[in-house]
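>>> Structure for the following, please:
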Amino acid sequence: MGLDAVPLRRLLSVLILIFAAGCCFSIAVAQSALYLALFCWALVMILNRKSEIPRTPLDLFFLAYLVVGASTMVFSGAREMFPIFLKRILLIPIVYLVVANVSERRPLSVLLGALSVTMVLLSLVGIQKYFSGPGGLEGRLYLLHHYMTSGGILMMMGLMAFSFGFSGAPTRWKLTAWVTGVLVAACLTFTFTRSSWLGFLAGTLTIAVFQSRRLAAGLLAGLAVGLTAFLLLAPASFRERATSVFNPRHRHNVERVQMWRAGFEIMRDHPLTGVGDVDLTEWYEPYRPPEALEKHGHLHNNLVMFAATLGLPGLIFFLALSVRIFLTELNVARSIPGREWLLKSTAVGGLAAYVGFQVNGLFEWNFGDAEIAMLLWLTVGLTLCAGRMYRTQAEHVSESRSGS
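A predicted model of the protein is given here:
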């Protein structure tokens, strides 16, 4: 490393920490830190006259997204799509920034610690805010601009925390993880966001399966008992919100099904390009049933949104990317032994957060939410970091043995 690049490298590390923490509470802070970090990283590479951009298993899929989106922009004629699509594309470098610059255990530990402290403070504020309000569904908690965004963030960060709570980490790490996870889970409950609740349950089961199969069996039994107690003892507003998930006649469930049908009808009418990555309020209107009450600029499902906005190519892309990320994170989580608790828990937490994101995305357009998308790419980057660190360590051990 050139001497002139050393201060920039230190500044880069600070900016990555600010970005990671900012993802949890402020899009302005997070994106400002992100773009400054990318600028500093570019300067470091220029000064060192060397590219540090890592190769990942996702490279071709990101390139496919760029091609599909650009083609849609050209052939659909949706000029207003450019700034929206550009914002989505500019978040993808988060993966490369994190993988390239969080390459040792200490920076990883500091970053995870910053996330934990941020979420504890945010959760305490959220709990106080909820109990100061009207309570119940009328007072559903939002920490950012919307309760659904808040639910998605709390879900993903809670899963990252609980991954360490169920691991073989030192006592202080486990205690910190449980305090963080419980506070976050309480706030998540107060958002009344059903899709985030389901995502959290799916992610928690993922953690249990990877950290301990015996724990997974116990957790399933505990969930059954806990859900029964919840349905019997929880306030009526909580019970109604939870049971409405399984009620096909519930107004919000009916509305979502109507939106999903409309989305695939839009794709049927615009199969090759979709209508562009734009607000769908006007596009939805001709397909909206007369009895539908809601009118949104999105269709509450990631798959449906890609189908409507980017056509069949977009739908195929999203399915392929989703499978690729899942398999990549699954392989990383499997490859790291339990004794490497820091790397193992980071990888399992990232996988659990991704599972939660996908379950949440069956009922919300969370890929289109910038705050959630930043956390998605951050957790993917952290999982790839953990895998890269373990492979590097294993290679060093192998070289040492062969040398001796």
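>>> for the stretch 101-250 of the chain, what spans make up the helices?
105-132, 147-165, 171-191, 194-211, 213-233, 236-243 (DSSP state H, counting those that start in this stretch).
>>> Same question for the stretch 301-404 of the chain.
Secondary structure of the stretch 301-404 of the chain (DSSP H, counting those that start in this stretch): helices at 302-335, 341-360, 370-403.
>>> just checking, what packs against the shortest one?
This means helix 341-360. Contact partners of helix 341-360 among helices and strands, from 3 or more C-beta pairs under 8 Å, 6 or more residues apart in numbering; DSSP states H and E: helix 105-132, helix 147-165, helix 194-211, helix 302-335, helix 370-403. C-betas here are computed from N, CA, C, even on glycine.
>>> got a list of what Met157 touches?
The contact partners of Met157, taken as C-beta atoms under 8 Å, 6 or more residues apart in numbering, are 24, 115, 119, 180, 184, 353, 375.
>>> For Trp365, see how far away the closest residue to Thr281 other than its chain neighbours is.
Once flanking residues are discounted, Thr281 sits nearest to Gly297: 4.5 Å by C-beta to C-beta, 6 or more residues apart in numbering. Summarising the geometry, the distance separating Gly297 from Trp365, computed by C-beta to C-beta, to the nearest Å, is 9 Å.
>>> who has more neighbours, the two?
It is Trp365, of Gly297 and Trp365, that has more neighbours when counted by other C-beta atoms under 10 Å, with 22 against 13.
>>> Do I have it right that that one meets His300?
Yes - distance between Trp365 and His300: 6.1 Å, which falls inside the contact criterion (C-beta atoms under 8 Å).
>>> quick one on the thing from earlier: which members of the contacts of Met157 are classed as buried?
Burial by neighbour count, 16 or more other C-beta atoms under 10 Å: within the contacts of Met157 this picks out 24, 115, 119, 180, 184, 353, 375.
>>> now these in TSV, with pLDDT?
Output for the buried ones among the contacts of Met157, formatted as TSV (pLDDT from 0 to 100):
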residue	pLDDT
Cys24	91
Leu115	96
Met119	96
Thr180	96
Val184	95
Ala353	98
Leu375	96
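>>> how about the residues you listed, which pair is most distant?
Comparing every pair within the buried ones among the contacts of Met157 by C-beta to C-beta identifies Thr180 and Leu375 as the most remote, at 15.1 Å.
>>> Flag the shaky bits of the stretch 151-300 of the chain, pLDDT-wise.
Counting by pLDDT under 70, the stretch 151-300 of the chain shows low-confidence ranges at 212-227, 229-234, 239, 245-248.
>>> How is the protein divided into domains?
Here the domain parsing of the chain from automatic domain parsing is 1-52, 53-403.
>>> Most tightly packed of the ones you listed?
Most buried of the domains of the chain by mean neighbour count (mean count of other C-beta atoms under 10 Å) is domain 53-403; its value is a mean of 19.
>>> from the middle of its chain, how far away would it be?
Chain-centre distance of domain 53-403: 3 Å, with C-alpha atoms, centre = their mean, to the nearest Å.
>>> in terms of contact, does Arg140 touch Tyr147 like I think?
Yes - counting by C-beta under 8 Å, a contact exists between Arg140 and Tyr147, whose distance comes to 5.0 Å.
>>> Overlap of the contact sets of these two?
Shared contacts of Arg140 and Tyr147, defined by C-beta under 8 Å, 6+ apart, are found at 191-193.
>>> from those residues, which is closest to Leu66?
Among the shared contacts of Arg140 and Tyr147, and counting by C-beta to C-beta, the member closest to Leu66 is Thr193, at 31.2 Å.
>>> Could you measure from Arg256 over to Val304?
With distances taken as C-beta to C-beta, Arg256 is found 9 Å from Val304.
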